[in-house]
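**Q** build me a structure from this.
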Amino acid sequence: MFKYLLLIVLFLFPSTLYAKTPPPSLTIASPKEGETILGNTVTISFVAGNLTYINFVENKKIMPNQGHLHLWFDKSTPSRETAQEITTHDDVTLKISAPGNHTLVLEVVKNDHTSYSPQVKKTVNFVSLLPAPLPSPTPTTFISTLAPYFTKESIFTALGITFFIIGFIVYLLFGRKKFF
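**A** Next comes the predicted model:
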């Protein structure tokens, strides 16, 4: 009798048979907190666990663990209107407008842009430095490039070799006696 009663309860309340799906998680792999970035771009690498990327335009039905990410870069008051939407797991590269301290905020939101409860949100502060500009090459002419190699000795040597070759050619053409 007890077995039948247990079987009836299990069929009436099937939700007790299923484990609850864990909420989405978020980890920012780079940049790290306090990291110094050299250059004018930053690549944001992140991992959103237990999340299927869905865009509200494509899918209006709210399902558990479906949504996308909102990204705020150097925004003092993050809001839905100022968020950059991320609907893929690919890294994001952003241009840094000025060197200095920067704040990055990522949040996992449902496909209708509402926050999960509790919020799945991460903040990272980092510093960017611009490298010193490379010196530009000084324009030069062909002659100024070769000028260090033109000394009196090298010029006279080249002229001497040239006159010797010309003289030898003239001798071969006109100066030999033909004995035949």
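**Q** output the helix ranked longest in the chain as CSV, nothing but the C-alphas.
**A** Among the segments of the chain that qualify as a helix by DSSP state H, the longest is helix 152-170. Once non-C-alpha atoms are left out, helix 152-170 reads as follows in CSV (Å, rounded to 0.1, in the frame of the first residue of the first chain):
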residue,chain,number,x,y,z
LYS,A,152,89.0,60.8,-52.8
GLU,A,153,90.7,57.4,-52.8
SER,A,154,87.6,55.5,-53.9
ILE,A,155,86.7,58.0,-56.6
PHE,A,156,90.3,57.9,-58.1
THR,A,157,90.4,54.2,-57.8
ALA,A,158,87.1,53.9,-59.7
LEU,A,159,88.3,56.3,-62.4
GLY,A,160,91.6,54.5,-62.8
ILE,A,161,89.9,51.1,-63.2
THR,A,162,87.5,52.7,-65.7
PHE,A,163,90.3,54.3,-67.8
PHE,A,164,92.3,51.0,-67.7
ILE,A,165,89.3,49.0,-69.0
ILE,A,166,88.6,51.6,-71.8
GLY,A,167,92.2,51.7,-72.8
PHE,A,168,92.4,47.9,-73.0
ILE,A,169,89.3,47.8,-75.2
VAL,A,170,90.7,50.4,-77.5
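**Q** how far is that helix from where the chain is centred?
**A** In terms of C-alpha atoms, centre = their mean, to the nearest Å, the centre of helix 152-170 is set 60 Å apart from its chain centre.
**Q** next: stretch 129-139.
**A** 22 Å.
**Q** first-to-last residue distance for it?
**A** One end of stretch 129-139 to the other measures 30 Å (C-alpha to C-alpha, to the nearest Å).
**Q** can you list the residues that contact it?
**A** Stretch 129-139 is contacted from outside by 36-40, 99, using C-beta atoms under 8 Å, 6 or more residues apart in numbering. (Each C-beta comes from the backbone N, C-alpha and C, glycine too.)
**Q** which one of those residues has the most neighbours?
**A** Neighbour tally across the contacts of stretch 129-139 (other C-beta atoms under 10 Å): the maximum, 18 neighbours, falls on I37.
**Q** wasn't it part of a strand?
**A** Yes - counting by DSSP: H, G, I helix; E, B strand; the rest coil, one finds I37 located in a strand.
**Q** where do the strands sit along the protein?
**A** For the chain, applying DSSP state E gives strands covering 25-30, 36-38, 41-49, 52-53, 66-73, 84-86, 92-95, 100-110, 115-129.
**Q** that's all I had, so thanks and see you.
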